[in-house]
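1. Prediction below, plus the sequence it came from.
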Amino acid sequence: MIDINLIRENVDLVKENIKKKCQDEKLPLVDEIYELDKEYRDVKLSMDTKRAEKNKLSAEIGSLMRDKKIDEANKVKETVSLMGEEIDELTKREEELSKIIKEKMMVIPNIIADTVPIGKDDSENVEVEKFGEPIVPDFEIPYHADILEALDGLDKEASGRTSGNGFYYLIGDIARLSSAMLSYARDFMIDKGFTYCIPPFMIRSDVVTGVMSFAEMDAMMYKIEGEDLYLIGTSEHSMIGKFKDQIIKDDVLPITMTSYSPCFRKEVGAHGLEERGIYRVHQFEKQEMIVICEPEESEVWYEKMWKFTVELFRSLDIPVRQLECCSGDLADLKYKSCDIEAWSPRQQKYFEVGSCSNLTDAQARRLGIRKKGENGNYYLHTLNNTVLASTRALIALIENNYNEDGSINIPVALRPYMGGKEKIEVK
């Protein structure tokens, strides 16, 4: 959510930002909010003025009573009573306007960075840099589901019976490899100075709307029937929500945390070949990182965070690249964002394995995450980044470490988590 002062003082900036994000349907909202806010301020001024007058008259009643001027005191009482009714009506209208304005403001996208490339969707994201040399072996690499099944590591048929499409059983050494990657990612971030946390896997609706837009919520989140609880789509949601309505003390900033969680996502629609595998699923596990920091430090942390993900994947011998997300691909709360994509030697192209985002004060403003300053409280900045998402990282690892005989080399960094095992072989 942006600062209302931007609409009060720079309507053109807000409208131009909406156009950059290809959301022209939201343009009328800006003028609506402007007029509603104008009425809100007029109502508040009138209410404050009448309240001051009422207090002044109320003080006079005591003096008149002491001077035995009963009739005059009663007339003033009548005036005060009428003013009280007017104030009650103004208060009611103020509350109504405040609620309407907030609802509409929640739909206005965050102001994006000047450096964000302008484009309509993810097809216009811009490659920034590659890390590692993409290799295409001189033998065919099967589809990842076929590789995993040949290693007795995946059972989609059974998960279809128990849970339906979009779920899976990982088994044996493959399940262990998935857990090894997550454990390695956890320790990797702890070594970077981040505090490890296992958060709640369900959150209330006021946290959901604090960390994401309504459109994202409808597209992603599973609601628990009969309760005000949602299954998290990523631990960023509950990690940022941890600081809801808090005044953060200076001596704990920046807050740097890394968290493990399962993630649950609707992933609505059919996805062809992906239905057979584990690329797009309703449930997976993830190691995440979040930072809460001073506004002037968020750009520096953004650069650090996505580079941590690159470093992690390169330590597993997986080539990756960084893509700058264009304006039309940015979720409403994001100031800027980039994707990290891993090389797929089977497809001979890159695919997304993580995303890093700077949301400036958009989440903090919705959730009330502030710090006390010399001139009053101000909102902090929040950032999040994928360290490792289990299923997609597993696909990248097995494709880049696949041997012609069907076996998988285990990267050196993961071997301590695999009991020293160097290879997973076809049985």
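-> Received it, and whenever you're ready, just let me know what you need.
2. only C-alpha atoms for contact and neighbour calcs from this point on.
-> Noted.
3. elements contacting the helix or strand where residue 51 lies?
-> Under the criterion of DSSP states H and E, residue 51 resides in helix 27-66. Here helix 27-66 touches helix 4-9, helix 11-20, helix 70-105, going by 3 or more CA pairs under 8 Å, 6 or more residues apart in numbering; DSSP states H and E.
4. JSON lines please, covering the ones you listed and showing distance to residue 217, mean neighbour count and mean pLDDT.
-> Formatted as JSON lines, these follow (distance: least, CA to CA, whole Å; neighbours: other CA atoms under 10 Å; pLDDT from 0 to 100):
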{"stretch": "helix 4-9", "distance to residue 217": "23", "mean neighbour count": "14", "mean pLDDT": "95"}
{"stretch": "helix 11-20", "distance to residue 217": "20", "mean neighbour count": "18", "mean pLDDT": "97"}
{"stretch": "helix 70-105", "distance to residue 217": "15", "mean neighbour count": "15", "mean pLDDT": "89"}
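5. Minimum distance to residue 331: which of those has it?
-> Within the helices and strands packed on helix 27-66, the stretch nearest residue 331 is helix 11-20; the backing value is 11.9 Å (CA to CA).
6. could you give the angle of that closest one to helix 27-66?
-> 140 degrees (axes from the mean of the first three to the mean of the last three CA atoms, to 10 degrees).
7. Which elements pack onto helix 11-20?
-> Checked by 3+ CA pairs under 8 Å, 6+ apart, helix 11-20 has helix 4-9, helix 27-66 packed alongside it.
8. picking up where we left off before, among the helices and strands packed on helix 27-66, single out whichever gets nearest to residue 262.
-> With CA to CA as the criterion, residue 262 lies closest to helix 70-105 of these, at 30.5 Å.
9. The helices and strands packed on helix 27-66 into JSON lines, with extra columns for distance to residue 199?
-> As requested, the helices and strands packed on helix 27-66 are exported to JSON lines (distance: least, CA to CA, whole Å):
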{"stretch": "helix 4-9", "distance to residue 199": "32"}
{"stretch": "helix 11-20", "distance to residue 199": "34"}
{"stretch": "helix 70-105", "distance to residue 199": "28"}
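10. any chance of the helices and strands packed on helix 11-20 in JSON lines, with distance to residue 148 too?
-> JSON lines is the format used below for those (distance: least, CA to CA, whole Å):
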{"stretch": "helix 4-9", "distance to residue 148": "52"}
{"stretch": "helix 27-66", "distance to residue 148": "49"}
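11. Ok, which of those comes nearest residue 252?
-> Nearest to residue 252, of the helices and strands packed on helix 11-20 and by CA to CA, is helix 4-9 at 28.8 Å.
12. of the helices and strands packed on helix 27-66, which approaches residue 129 most closely?
-> Closest of the helices and strands packed on helix 27-66 to residue 129 is helix 11-20, at 24.0 Å (criterion: CA to CA).
13. Check what contacts that closest one and list those residues.
-> Helix 11-20 is contacted by residues 6-7, 24, 26-27, 30, 108-109, 111-112, 118-119, 327-328 when judged by CA atoms under 8 Å, 6 or more residues apart in numbering.
14. what about stretch 329-342, average pLDDT?
-> For stretch 329-342, the mean pLDDT works out to 97.
15. what's the span of that stretch from first residue to last?
-> Taking CA to CA, to the nearest Å as the measure, stretch 329-342 stretches 19 Å from start to finish.
16. Which residues are in contact with residue 73?
-> Contacts for residue 73 (CA under 8 Å, 6+ apart) come out as 60-62, 64-65.
17. what's the lowest-pLDDT member of those residues?
-> For the contacts of residue 73, the pLDDT minimum is residue 62, 70.
18. count of residues packed around that residue?
-> As a burial measure, residue 62 scores 13 neighbours (other CA atoms under 10 Å).
19. Grab the nearest non-local neighbour of it.
-> In space, and not counting its chain neighbours, residue 62 is closest to residue 73: 7.9 Å by CA to CA, 6 or more residues apart in numbering.
20. roughly how far apart are that neighbour and residue 83?
-> 15 Å.
21. One more: residue 255?
-> 49 Å.
22. Tell me how many other residues crowd residue 296.
-> Neighbours of residue 296 using other CA under 10 Å come to 11.
23. Ok, residue 410 next?
-> 20.
24. contacting residues around it?
-> 401, 421-424.
25. Which pLDDT value belongs to it?
-> 98.
26. now the one 3 residues further on
-> On pLDDT, residue 413 comes in at 98.
27. now swap in residue 272 and tell me
-> 53.
28. Next SSE downstream of the lowest-mean-pLDDT helix or strand in the chain?
-> Between all helices and strands in the chain, the lowest mean by mean pLDDT, DSSP states H and E belongs to helix 214-220, at a mean of 83. Note on helix 214-220: by DSSP H and E, the next helix or strand toward the C-terminus is strand 222-223.
29. What are the contacting residues of that following strand?
-> Contacts with strand 222-223, where a contact means CA under 8 Å, 6+ apart, come from 229-232, 264-266.
30. quick one: which of the helices and strands packed on helix 11-20 is nearest residue 236?
-> Nearest of the helices and strands packed on helix 11-20 to residue 236, taken as CA to CA: helix 4-9 at 25.8 Å.
31. can you give me how far the closest one is from the chain middle?
-> With CA atoms, centre = their mean, to the nearest Å as the basis, helix 4-9 stands 24 Å off its chain's centre.
32. list the helices and strands that helix packs on?
-> helix 11-20, helix 27-66.
33. swap the cut-off to 10 Å and go again
-> helix 11-20, helix 27-66, helix 70-105 (3 or more CA pairs under 10 Å, 6 or more residues apart in numbering; DSSP states H and E).
34. Go through those helices and name the closest to residue 123.
-> Closest to residue 123 of the helices and strands packed on helix 4-9 is helix 11-20 (CA to CA; 15.3 Å).
35. Tell me how far the residue nearest to residue 97 when sequence neighbours are not counted lies from residue 99.
-> Spatially, and ignoring its direct neighbours in sequence, residue 97 is nearest to residue 40 (6.0 Å; CA to CA, 6+ apart). Applying CA to CA, the value for residue 40 to residue 99 is 11 Å.
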